[in-house]
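>>> model this:
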Amino acid sequence: MIRGNRASLSVYSDTKTTVEISALLGIKPDHWGDKGDPTPAGRAGRNFAQERLTYQRTYWSITESSDNQYSNDQTGFSALRALVVRLKSRAHALGELRQGGETVLWWSGDSDSTQGGFVLEADLIRDLGRLGCSVYGTAYLSEVEAEGTVSDDPAEDDR
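Predicted structure coming up:
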């Protein structure tokens, strides 16, 4: 079962600035950078290729997180649902942002077992479709030993 999950909306634009994206959506971003601005790697002075040191396109992102460990959510998508609720009334603006850019929803969930079980409920699928964003997802699985306990020691994988 998915116990914790995160979901983000990322906007990548060739034509708009972060200020214009924020105004269009009516939301302040959690992470952002205009085309030509230094990326976090660029600000840290990392020795990467030039295209990794500055934003090649405007980048704007918001994130929702959820720790389902103590909740009744059995779907594994509580953060994605919260993000979709936040964006529901902004579907038209997201469509405008795809003119000269792209909008992507990212989801990741942490499983408490070697299976990443989750449920995509019909209303969530419908609302995702209305937003018109591609959705990329990853389920992170736990490594469970034969005794049923979780191992955090990678050296134990060599047994």
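>>> What ranges does this structure have for its strands?
Using DSSP state E, the strands of the chain run over 2-13, 31-33, 58-67, 101-111, 134-140.
>>> highest average neighbour count across the ones you listed?
The highest mean neighbour count among these, using mean count of other Cβ atoms under 10 Å, belongs to strand 2-13: a mean of 22. For the C-beta atoms, the positions are set from N, CA and C on the backbone; glycine is no exception.
>>> Pairing partners for that one, with directions?
Its sheet considered, strand 2-13 pairs with strand 58-67 (antiparallel), strand 101-111 (antiparallel) by DSSP bridges.
>>> Please name the bridge partners of Thr58.
For Thr58, the beta-bridge partners are Ser13 (DSSP bridges).
>>> any idea how far Leu141 is from it?
According to Cβ to Cβ, to the nearest Å, Thr58 and Leu141 sit 34 Å apart.
>>> what's the answer for Gly100, then?
As defined by Cβ to Cβ, Gly100 lies at a distance of 38 Å from Leu141.
>>> and if you look at Leu83?
As judged by Cβ to Cβ, Leu83 and Leu141 stand 23 Å apart.
>>> For the worst-scoring helix or strand of the chain on mean pLDDT, buried residues please.
Across the helices and strands of the chain, mean pLDDT, DSSP states H and E gives its lowest value to helix 40-43, namely a mean of 86. Buried residues in helix 40-43, defined by neighbour count with 16 or more other Cβ atoms under 10 Å: Gly42.
>>> could you dump stretch 34-44 to CSV, C-alpha only?
C-alpha atoms of stretch 34-44 as CSV (Å, rounded to 0.1, in the frame of the first residue of the first chain):
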residue,chain,number,x,y,z
ASP,A,34,13.1,32.1,-15.9
LYS,A,35,14.9,31.1,-19.1
GLY,A,36,18.6,32.0,-18.7
ASP,A,37,18.4,32.1,-14.8
PRO,A,38,20.9,29.8,-13.0
THR,A,39,19.5,26.4,-12.0
PRO,A,40,20.2,25.1,-8.5
ALA,A,41,23.2,23.3,-9.9
GLY,A,42,24.4,26.6,-11.5
ARG,A,43,24.0,28.5,-8.3
ALA,A,44,26.0,25.9,-6.4
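>>> Neighbour count for Leu83 and Leu141, which is higher?
Leu83 (25 against 13; other Cβ atoms under 10 Å).
>>> what about stretch 85-101, start to end distance?
Using Cα to Cα, to the nearest Å, the span of stretch 85-101 from its first residue to its last is 22 Å.
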